[in-house]
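>>> how would this look folded up:
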Amino acid sequence: MGLRARLLKATQSSATTDDELSIDNQEIMEEIINFSMDEEEPVQNSEYLSDHEKKYREEILKKLFEAVDMSRIGKLDKEEAKTQIKQLVESIIKDNDFPLSMDSRLKMTQFIEDEILGLGPLEFLMRDPQISEIMVNGASHIFIEKSGKLQLSNVVFDNDAHAMRIIDRIVSRVGRRIDESSPMADARLEDGSRVNVIIPPLALDGPVITIRRFPADPLTLNIMVEKNALSIGMATFLKAVVKIGKNILISGGTGSGKTTALNALSAFIPEDERIVTIEDAAELQLQQEHLVRLETRPPNIEGNGEISQRELVKNALRMRPDRIIVGEVRGAETMDMLQAMNTGHDGSLTTTHANTPRDALARIENLVAMGGFELPIKAVRAQIASAIHYVVQVQRLEDGSRRMTSIAEINGMEGEIITMSELFLFERRGIDQNNKIKGVFKPTGAMPACIDALKRRGIELDVDFFDPDNEVEV
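Next up is the predicted model:
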């Protein structure tokens, strides 16, 4: 039976008109966006396509588009579509007597399925759980972050047009658009990965895609301790202050692990509390049942309909939240967040970009000013000192490791200065023979002001955790 006849048989129940089938196959490929990209465990191959396999992949795709109308694929059930693609590819290989081994045939089927239903060549990288970030710098340069280190992959797009088709598929799935009039977009994949795209004319060397991936099972504080991201004393202290409802600001640079730390800390919010999360692009992975997730909305084609984080924070205050978690404060919502922390919403968590705890407070101050609030500096700092109890600093080091480098407590105000005490820090001690950074997590000796509050809540902390001689070498 010919390819076209077999596909017609598979889709004979579909109410499809001849006019519908006249759509150009290339356009159809760009529009097939409603399929799950990772519902079924794909064929796992440690090797990307060889030059020999790439050649036959292109021939198979060409023959596939010549032989069948891709609109038929769009009418099939997801699993049926995958089955039909597999059968069609196998038939093309057999009919044309392509010299491909069984392993190559399996890979070929998987890669063609990726091309039609998924993210094209990026699916190969998405199947590797060790890859935490994928960065496309034009069609022929795709970098990855693996084990904390950046490296150039051997995966490429055919050309810029190929990359643009995948970009259109990504942004269309979340109801957004990208073109020359709107050349930037944020999106997310079904597995929760965060995507940012920017295209020409803003991107000079071709389409740029950045995919930030998150583990299927979020890291816990215990796992972070095992990975030497912090000491057990730091973890125990943070667990306690989250439980009793202290407000925490997590500070760090891009890719330092702020969201990971926020997810880990949120696990200790009691189950009987109502949590509202607010994000630009949803990426938090809270496990509590009583959870409300809110996400901003960009403007539409006419420039209308935008919903900002500030509007969501204001609305969240009317939703009877016990805890408000803002993925990252970066604008006018900062003042509303501070006021929420100061008006009975204790235990709130948020993140910001800064290099030290002191810089984090300065950034919060600047964000309030940028929001158009004409308040005296002392009044703004008093709001910050009253609202935020602890600043947790995280950092990605040059060897690729991520460490919690400081936990600082806000003491209050002295004149116009916010005073703070560092409770724990990470002190570097050199580099070992494998170029890994050596150091120690050490308490500073300062005792937190919340010790009595913890005792009243039935939480006893071992005072040895705060002994400056109690260093943990990593």
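>>> number of nearby residues for the residue nearest to residue 372 when sequence neighbours are not counted?
Distances taken as CB to CB, 6 or more residues apart in numbering place residue 332 nearest to residue 372, at 6.7 Å, with adjacent residues excluded. Heads up, the C-betas are built off the backbone N, CA and C, glycines and all. Using other CB atoms under 10 Å, residue 332 has 18 other residues around it.
>>> Can you pull the phi/psi pair for residue 332?
Its backbone dihedrals place residue 332 at phi -70, psi -20, with angles given as degrees, to the nearest 10.
>>> Quickly list the domain ranges of this structure.
According to the domain assignment given by automatic domain parsing, the chain is divided into the following structural domains: 1-115, 119-213, 221-473.
>>> Next, the contact list for the residue nearest to residue 372, please.
Residue 332 makes contact with 308, 310, 367, 370-373 under the criterion CB atoms under 8 Å, 6 or more residues apart in numbering.
>>> Drop anything exposed from these.
For the contacts of residue 332, a burial check counting by 16 or more other CB atoms under 10 Å picks out 310, 367.
>>> And the domains of the chain, which one averages the lowest pLDDT?
The weakest mean pLDDT among these belongs to domain 1-115, with a mean of 63.
>>> Can you spell out which helices and strands pack onto the lengthiest strand in the chain?
Among the elements of the chain assigned as strand by DSSP state E, the one spanning the most residues is strand 417-431. When contacts are defined as 3 or more CB pairs under 8 Å, 6 or more residues apart in numbering; DSSP states H and E, strand 417-431 packs onto helix 232-243, helix 357-370, helix 377-387, strand 402-414, strand 437-443.
>>> out of the ones you listed, nearest to residue 458?
Proximity to residue 458 (CB to CB) singles out helix 232-243 among the helices and strands packed on strand 417-431, at 9.9 Å.
>>> Just the C-alphas of the helix or strand just after the closest one, formatted as PDB.
Towards the C-terminus, the helix or strand next in line after helix 232-243, according to DSSP states H and E, is strand 248-252. What follows is strand 248-252, C-alpha atoms only, in PDB (Å, rounded to 0.1, in the frame of the first residue of the first chain):
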ATOM      1  CA  ILE A 248      13.200  36.200  53.200                       C
ATOM      2  CA  LEU A 249      14.800  37.900  50.200                       C
ATOM      3  CA  ILE A 250      17.000  35.600  48.000                       C
ATOM      4  CA  SER A 251      19.700  37.500  46.200                       C
ATOM      5  CA  GLY A 252      22.000  36.400  43.400                       C
END
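>>> Adjacent strands (with direction) for strand 248-252?
strand 349-353 (parallel), strand 390-396 (parallel) (DSSP bridges).
>>> any chance of the helices and strands packed on strand 417-431 in CSV, plus distance to residue 283?
Converted to CSV, the helices and strands packed on strand 417-431 look like this (distance: least, CB to CB, whole Å):
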stretch, distance to residue 283
helix 232-243, 19
helix 357-370, 20
helix 377-387, 24
strand 402-414, 16
strand 437-443, 27
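>>> which residue ranges form the strands in the stretch 151-300 of the chain?
Along the stretch 151-300 of the chain, the segments classed as strands by DSSP state E, counting those that start in this stretch run 184-188, 194-198, 208-212, 248-252, 275-279, 291-295.
>>> just so I know, which of those strands lies nearest residue 385?
Each of these has some distance to residue 385 by CB to CB; the shortest is strand 248-252, at 11.9 Å.
>>> Of all the helices and strands packed on strand 417-431, which one comes closest to residue 257?
Closest of the helices and strands packed on strand 417-431 to residue 257 is strand 402-414, at 4.2 Å (criterion: CB to CB).
>>> The closest one pairs with which strands?
Sheet pairing for strand 402-414, assigned by DSSP bridges, gives strand 390-396 (antiparallel), strand 417-431 (antiparallel).
>>> and the angle for that strand with helix 357-370?
Strand 402-414 and helix 357-370 meet at an angle of 70 degrees, taking axes from the mean of the first three to the mean of the last three CA atoms, to 10 degrees as the criterion.
>>> For the nearest residue to residue 355 once chain neighbours are set aside, which residues are in contact?
Distance criterion CB to CB, 6+ apart; nearest residue to residue 355, sequence neighbours excluded, is residue 253 at 6.5 Å. By CB under 8 Å, 6+ apart, residue 253 lies in contact with 353, 355, 395-396.
>>> Swap in 10 Å and give it another go.
The neighbours of residue 253, taking CB atoms under 10 Å, 6 or more residues apart in numbering as the test, are 353-355, 393-396.
>>> How far away from the center of its chain is the top helix by length along the chain?
The longest helix of the chain (DSSP state H) is helix 78-96. Helix 78-96 has its C-alpha centroid displaced from the chain centroid by 34 Å (CA atoms, centre = their mean, to the nearest Å).
>>> Show me what secondary structure element comes after it.
Using DSSP H and E, the helix or strand that follows helix 78-96 in sequence is helix 102-117.
>>> before we move on, the earlier item: make JSON lines from the contacts of residue 332 and add distance to residue 416 to it.
JSON lines is the format used below for those (distance: CB to CB, whole Å):
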{"residue": "308", "distance to residue 416": "30"}
{"residue": "310", "distance to residue 416": "26"}
{"residue": "367", "distance to residue 416": "18"}
{"residue": "370", "distance to residue 416": "20"}
{"residue": "371", "distance to residue 416": "20"}
{"residue": "372", "distance to residue 416": "21"}
{"residue": "373", "distance to residue 416": "17"}
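>>> on that earlier part again, compare the helices and strands packed on strand 417-431 and give me the one nearest residue 281.
Taking CB to CB as the measure, the helices and strands packed on strand 417-431 were each checked against residue 281, and helix 357-370 came out nearest at 18.8 Å.
>>> What is the closest one packed up against?
Taking 3 or more CB pairs under 10 Å, 6 or more residues apart in numbering; DSSP states H and E as the contact definition, the neighbouring helices and strands of helix 357-370 are strand 248-252, helix 333-342, strand 349-353, helix 377-387, strand 390-396, strand 402-414, strand 417-431.
>>> May I see the buried residues of that helix?
Within helix 357-370, the residues scored as buried using 16+ other CB under 10 Å are 357-358, 360-361, 363-365, 367-368.
>>> now stretch 450-460
Buried residues in stretch 450-460, counted by 16+ other CB under 10 Å: 450, 454, 459.
>>> Pick the one among those residues closest to residue 102.
Distance to residue 102 across those (CB to CB) is lowest for residue 459, with 60.0 Å.
>>> nearest residue to that closest one other than its sequence neighbours?
Counting by CB to CB, 6+ apart, the nearest residue to residue 459 once its immediate chain neighbours are dropped is residue 240, at 5.0 Å.
>>> again, but for residue 468
If the residues on either side of it in the chain are set aside, residue 468 comes closest to residue 445, at 4.1 Å by CB to CB, 6+ apart.
>>> so that neighbour sits right up against residue 471, yeah?
No. With the criterion set as CB atoms under 10 Å, residue 445 and residue 471 do not qualify as a contacting pair; they are 11.8 Å apart.
>>> if I pick residue 184, what's in contact with it?
For residue 184, the contacting residues are 178, 196-199, 202-203, 208, 298, by CB under 10 Å, 6+ apart.
>>> switch the cut-off to 8 Å
Applying CB under 8 Å, 6+ apart, we find residue 184 in contact with 178, 196-199, 202.
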